[in-house]
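Trainee: okay, predicted coordinates and the sequence, questions at the end:
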Amino acid sequence: MIREFGPSEIWLLILGLRWTVLLALVAFVGGGIGGAIVTILRVAPLRPVRAAAVTFIKLLQGLPLLILLFLVFFGINLLGIRTDAWTAVAIGFSLYASAFLGEIWRGCIQAIPSGQWDAATALGLSFAQRLRLVIVPQAARIAIAPTVGFLVQLLKGTSLASIVGFTELTRAAQMINDITFQPLTVFGVAAGFYFLLCWPLSLLSIRLEQRLRGGVTAARVPV
Amino acid sequence: MEYVFQFGVIWQGRDAFLSGALLTLQLSAESMLLGVTIGILGAWAKTSRLAVLRGVVQAYVELVRNTPFLVQLLLIYFGLPRLGVRMSPDSAALLAMVINLGAYATEIVRAGVEAVPHGQIEAGRALGLRSWQIFRFVVLIPALETVFPALCSQFILVMLGSSVVSAISVEELTAIANTLQSQTFRPFEIYLAVGAIYVVIALAFEAAFGGVERILFPPKGASGQAPS
C-alpha cells in the first residue's frame, strides 16, 4: 500500500529531527569535554603527552566518520557489553567531536602571543593556572566562531547515524520514502529541516568571526 | 575479554579490498577534477556584475553546505529517476560528490580571488583586458596558489566522505567491508583494516598534494626570501 506524503509524515520527520538535535547536543557536550582534555594534552609541557594527543587527532581526522561509527558499534559489542545504537552513536560522535574540537581549540590557544605564556610563567603560575587564568579567557573569544561552525558539521554528520541503524531525521526520511515513494518530496523536506537548523548557525559563525576581526584590527571609533 | 582477533579474513579478502580502494580513489580523483572546475566557474560567477547570477551561485553554495551529504546523495539517487533521469549508483555517487565539492570549492576559490590585490585587477583593466581575461590571466593562478592548502584539505574530506556512498551500494571500500563482515562475522577486524587503509590513503594524499604544490607553485626566490 502506498501512502501519501501528508501532515502525519511531516510529523514523523519532526520526531526524527528531535533525535538529530538531541544526538548533536549529546555529542557536542561529550565532545566538548573530550575536546578540552585533548586540547590540554596537546599543549601540555610534556612531549610524549603532546605526541599522544596529536596521534589521536590525526587518526580520527584520517578515518571516515562512518568507519569510526562502525568501529565503536562493533567494538563495544566485543567488550561483551550489549548496547543499543543510541549509546554507540553517542560515543562515536563524541569521539569525533573531541578530535575536531581539540584541534580547533589548540589553534585558538596557539594564536595567543607567546609573551602571555612567558609573563604568566614569570608570575610563578603553574601550567594549570597559566591556562585557566591567562590563556583560556583570551583564547575562548577566538574559539567561539569556529566552534559554532563545527556544530554545523556535527549536525550534518549525525545523518550518518542512520546507516548504523539509529532512527534520526535521515533514517525517518528513508522509512517514509519506502512507504510513500515520493523521494523528491521526502528528502527535499528532510534537507529543508537540516537547512533550517544549520543555516542560522552558519550565519552566526560568520557574524561572530567578522565581529572579532573588526574588534581586533581596528579600534572602534565612536560616531 | 575472551575475543580472539582473526585478521586472516582480511588477507582472504585482499582482492575485494583492492578493487574497493581503487573505486574509492577513482571516485575521489574524478570528483576533485570536476569539483574544482565547478569551484573555479562558481568563483568567477561570483565576481559577475549580474546580481541574479551571483544570487544563484550563493544559493547553491549555502544549500549544499548546510545540508548533509547523505541526504544530497539520497535525493539524487532516488529523486532524479522520478524526473526521468536514470543513472547507475556509481554515477549518482559521482554526481553527488561533484555537486558537494563544487560548493565548498566555490567558497574556497572565491576567498583566494578576494585576496588578490585590487591593483592587479586595475592593471589588467588598464591593459585593456576583458573581465574574463582578467580572471583567467591575472586573478586565477595567484588565487589558486593562495588557497591550494585549503583545497587539499577539502579533497581529503571528500575522499573520506566517499565512504558514505556505500549507502546506495556503490562497491567502494566501505561497501566491500560491509559485504565481507556479513560473510565472515568479523566486523571489528575488517573495519579496523579498512580504517587503516583510509588513514594511509589520507596520508598519501597529503604527501602527494605537498609534492604537487612544490611543482605548481615553487617557493619564490625573487621576492626577498632566498631559496634554502
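Mentor: That came in fine, so what should we check first? This is a predicted model, so every value here is computed, not measured.
Trainee: near chain B, which residues of chain A show up?
Mentor: Residues of chain A lying close to chain B by CB under 8 Å from any CB of the partner chain are A:59, A:61-68, A:70-71, A:74-75, A:78-80, A:152, A:156-160, A:162-163, A:170, A:173-174, A:177, A:183-184, A:187-188, A:190-191, A:194-195, A:198-199, A:202. In this view, the C-beta of every residue, glycine as well, is placed from N, C-alpha and C.
Trainee: buried only: go through these for me.
Mentor: Applying 16 or more other CB atoms under 10 Å in any protein chain shown to those, the neighbour count classes A:61-68, A:70-71, A:74-75, A:152, A:156-160, A:162-163, A:170, A:173-174, A:177, A:183-184, A:187, A:190-191, A:194-195, A:198-199, A:202 as buried.
Trainee: tell me which stretches of chain A form helices.
Mentor: With helices called from DSSP state H, chain A shows them at A:7-43, A:47-62, A:65-78, A:85-110, A:114-122, A:127-129, A:136-157, A:169-180, A:183-217.
Trainee: I figured A:Leu184 hits B:Pro81, correct?
Mentor: No - using CB atoms under 8 Å, A:Leu184 is not in contact with B:Pro81; the gap is 10.0 Å.
Trainee: what is the longest helix belonging to chain B packed up against?
Mentor: Longest helix of chain B, by residue count under DSSP H: helix B:14-46. The contact analysis (3 or more CB pairs under 8 Å, 6 or more residues apart in numbering or on different chains; DSSP states H and E) places helix B:14-46 against helix B:51-65, helix B:89-115, helix B:140-161, helix B:173-184, helix B:187-216.
Trainee: repeat the analysis, applying 7 Å as the threshold.
Mentor: Here helix B:14-46 touches helix B:51-65, helix B:89-115, helix B:140-161, helix B:173-184, going by 3 or more CB pairs under 7 Å, 6 or more residues apart in numbering or on different chains; DSSP states H and E.
Trainee: got a list of what the spatially closest residue to B:Ala193 that is not a sequence neighbour touches?
Mentor: In space, and not counting its chain neighbours, B:Ala193 is closest to B:Ile10: 4.6 Å by CB to CB, 6 or more residues apart in numbering or on different chains. Each residue near B:Ile10 by CB atoms under 7 Å, 6 or more residues apart in numbering or on different chains is listed here: B:189-190, B:193.
Trainee: check B:Thr67 too.
Mentor: So B:Thr67 contacts A:156, A:191, A:194-195 (CB under 7 Å, 6+ apart).
Trainee: so can I have TSV of those residues showing pLDDT?
Mentor: Shown next, in TSV, are the contacts of B:Thr67 (pLDDT from 0 to 100):
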residue	pLDDT
A:Lys156	97
A:Ala191	98
A:Tyr194	98
A:Phe195	98
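Trainee: would you mind listing what in chain B touches chain A?
Mentor: Residues of chain B lying near chain A by CB under 7 Å from any CB of the partner chain: B:1, B:3, B:62-63, B:65-68, B:70-71, B:74-75, B:78-79, B:82, B:160, B:163-164, B:167, B:174, B:187-188, B:191-192, B:194-195, B:198-199, B:202-203.
Trainee: could you redo the last one with a cut-off of 8 Å?
Mentor: Residues of chain B found near chain A (CB under 8 Å from any CB) are B:1, B:3, B:62-63, B:65-72, B:74-75, B:78-79, B:82-83, B:160-164, B:166-167, B:174, B:177, B:187-188, B:191-192, B:194-195, B:198-199, B:202-203.
Trainee: need the buried ones from those selected in PyMOL.
Mentor: In PyMOL, a selection of the buried entries from these looks like this (16+ other CB under 10 Å):
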select buried, chain B and resi 62+63+65+66+67+68+69+70+71+72+74+75+78+79+160+161+162+163+164+166+167+174+177+187+188+191+192+194+195+198+199+202
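Trainee: in chain B, where is pLDDT below threshold?
Mentor: Scanning chain B for pLDDT under 70 picks out the ranges B:1-2, B:221-228.
Trainee: just chain A next, same as before
Mentor: Low-confidence segments of chain A (pLDDT under 70): A:1, A:215-223.
Trainee: could you rerun that using 50?
Mentor: A:216-223 (pLDDT under 50).
Trainee: not counting its neighbours along the chain, what's nearest residue 184?
Mentor: With no chain named, the answer covers chain A. B:Gly79 (4.3 Å).
Trainee: that answer is for a different chain, and I need it for chain B
Mentor: Using CB to CB, 6+ apart, the closest residue to B:Thr184 is B:Val9 (4.5 Å).
Trainee: please identify the helix or strand for the one you found.
Mentor: If you go by DSSP states H and E, B:Val9 is part of helix B:8-12.
Trainee: sort out which residues of that helix are buried, please.
Mentor: For helix B:8-12, burial by neighbour count (16+ other CB under 10 Å) applies to B:9-10.
Trainee: re earlier: most neighbours among the contacts of B:Ile10, which one is it?
Mentor: When the contacts of B:Ile10 are compared by neighbour count (other CB atoms under 10 Å in any protein chain shown), B:Ile190 ends up highest, at 26 neighbours.
Trainee: which ones are touching that one?
Mentor: Listed by CB atoms under 8 Å, 6 or more residues apart in numbering or on different chains, the contact partners of B:Ile190 are B:9-10, B:13, B:177, B:180-181, B:184.
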